[in-house]
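Asker: return a 3D structure for these sequence lines:
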Amino acid sequence: MKNHAAMYIAAMRLQAGLLPPSVLSIRGPKLQRKSIGVARRAATRGLGYSFFVALLLNATFIAPLWAAEKAGDVVVTGIGLRMAYVPAGEFLMGAPFDDRARMADELPHKVTLTRPFRISTTEVTQRQWRDVMDGTPSRFTGDDLPVEMISWRDAVEFCRRLSDRQGKTYRLPTEAEWEYACRADGRRPGRDLDAWAWYAGNSDGKTHPVAGKRANRWGLHDMLGNVAEWCMDYYGPYPDAAVVADPTGAVEGSYRVVRGGSWLHFAAACRPSARMTVPESYQLPHVGLRVVEELRP
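Answerer: The predicted structure is shown next:
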């Protein structure tokens, strides 16, 4: 009874406007205020303090949990891009030393990403590209096939136009963001590559409709295979530091980083840590893009 009495007193204090403002400072303030308003109306209509307290608890504890974004939560853009939420975090970037396929430029090191972001759950399709740009340059044609035959500059221009259209900031992922999202909380997507990717061993020499293979833990398809994906970074050696925060690659260079491997590549190139380089002006039938949305603090 003491606990019930304490909750009832808290409810009365809320109704009288005496509860501290911190009650409304938890995440999800709109849901909280709505619940609190319903609770006040319930109390004034004589529905009983138990119902009132239940709504108060919902406003204070349950609604904030409901409102908070979780890894993999999706929002959809005006052109149909599904954007999955990726939380800030730390992971081991690069290939472990016992990976027989690792290359010298895949040195393992810890990376901290201090800001959450959203990333498209699939590669940009030809339909989505055509909705923003003029026509589609792809060798393999089909609305749900990934766009390819685009240069790095083309990909950046797509992001710029999409940003103007949506009133948000879209861009290519950094190499670190790409690998973090591919690994989905630091884990390898899976050992059975046929289940995850279209690559030289199963692609029949062409691209395939996006999302045809298994998604990783954050709901991202085709992070490996189908088409390789432009990243924002210039290619360069990894920083020589124990832990790196929000890396953006080399300051300058002749090549941009491409990640994920493609329908053209063998399994060794379709690993989360595998790095490829392409001049930014090149347009290739196995290179496309995936976009990131920056989130305001």
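Asker: helices or strands next to the host helix or strand of residue 160 in the packing?
Answerer: Using DSSP states H and E, residue 160 falls within helix 152-166. Packing contacts for helix 152-166, counted by 3 or more C-beta pairs under 8 Å, 6 or more residues apart in numbering; DSSP states H and E, involve helix 126-132, strand 170-171. In this view, the C-beta of every residue, glycine as well, is placed from N, C-alpha and C.
Asker: for the ones you listed, which one sits closest to residue 201?
Answerer: Between residue 201 and these, the shortest gap by C-beta to C-beta is with helix 126-132, which sits at 24.4 Å.
Asker: so what touches that closest one?
Answerer: The contact list for helix 126-132 (C-beta atoms under 8 Å, 6 or more residues apart in numbering) reads 79-81, 136, 138, 141-147, 150, 158, 161-162, 165.
Asker: quick revisit: any buried residues in the helix holding residue 160, and which?
Answerer: 152, 154, 155, 156, 158, 159, 162, 163 (16 or more other C-beta atoms under 10 Å).
Asker: one more: stretch 262-273?
Answerer: 262, 263, 264, 265, 267, 269, 270, 271, 272, 273.
Asker: just stretch 202-217 next, same as before
Answerer: Neighbour counts using 16+ other C-beta under 10 Å place 203, 207, 208, 210, 211, 213, 215, 216 of stretch 202-217 among the buried residues.
Asker: sorry, back to before: what mean pLDDT does the helix holding residue 160 get?
Answerer: Helix 152-166 carries an average pLDDT of 98.
Asker: can you list the helices and strands packed on helix 152-166 in JSON lines and add mean pLDDT and distance to residue 235?
Answerer: Listed next are the helices and strands packed on helix 152-166 as JSON lines, based on pLDDT from 0 to 100; distance: least, C-beta to C-beta, whole Å:
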{"stretch": "helix 126-132", "mean pLDDT": "98", "distance to residue 235": "25"}
{"stretch": "strand 170-171", "mean pLDDT": "98", "distance to residue 235": "18"}
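Asker: tell me which of those approaches residue 106 most closely.
Answerer: For residue 106, the closest of the helices and strands packed on helix 152-166 is strand 170-171, at 24.1 Å, according to C-beta to C-beta.
Asker: give me the contact list for that closest one.
Answerer: With C-beta under 8 Å, 6+ apart as the criterion, strand 170-171 contacts 156, 159, 162, 163, 232, 291, 292, 293, 294.
Asker: got those residues as CSV, with distance to residue 112 columns?
Answerer: Output for the contacts of strand 170-171, formatted as CSV (distance: C-beta to C-beta, whole Å):
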residue, distance to residue 112
156, 26
159, 24
162, 28
163, 26
232, 18
291, 23
292, 17
293, 20
294, 17
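Asker: quick one: the helices in the stretch 151-297 of the chain?
Answerer: 152-166, 175-183, 193-196 (DSSP state H, counting those that start in this stretch).
Asker: which stretches of the stretch 51-200 of the chain have low pLDDT?
Answerer: The stretch 51-200 of the chain contains residues with pLDDT under 70 at 51-67, 186-190.
Asker: give me the pLDDT for residue 8.
Answerer: Per-residue pLDDT puts residue 8 at 43.
Asker: returning to what we had before: could I get the helices and strands packed on helix 152-166 as JSON lines with distance to residue 191 and mean neighbour count?
Answerer: Below are the helices and strands packed on helix 152-166 laid out as JSON lines (distance: least, C-beta to C-beta, whole Å; neighbours: other C-beta atoms under 10 Å):
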{"stretch": "helix 126-132", "distance to residue 191": "31", "mean neighbour count": "20"}
{"stretch": "strand 170-171", "distance to residue 191": "32", "mean neighbour count": "20"}
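Asker: let's have these in CSV, adding distance to residue 240.
Answerer: CSV is the format used below for these (distance: least, C-beta to C-beta, whole Å):
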stretch, distance to residue 240
helix 126-132, 38
strand 170-171, 27
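Asker: for residue 224, which of those is the nearest?
Answerer: helix 126-132 (20.4 Å).
Asker: can you give me the strands for the stretch 1-150 of the chain?
Answerer: Ranges of strands within the stretch 1-150 of the chain are 74-76, 82-86, 89-93, 109-113, 117-120, based on DSSP state E, counting those that start in this stretch.
Asker: how is this structure carved up into domains?
Answerer: 2-67, 74-294 (automatic domain parsing).
Asker: which ChimeraX command selects the buried ones in the contacts of helix 126-132?
Answerer: In ChimeraX syntax, the buried subset of the contacts of helix 126-132 is picked out as below (16+ other C-beta under 10 Å):
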select :79,81,136,138,145,146,147,150,158,162
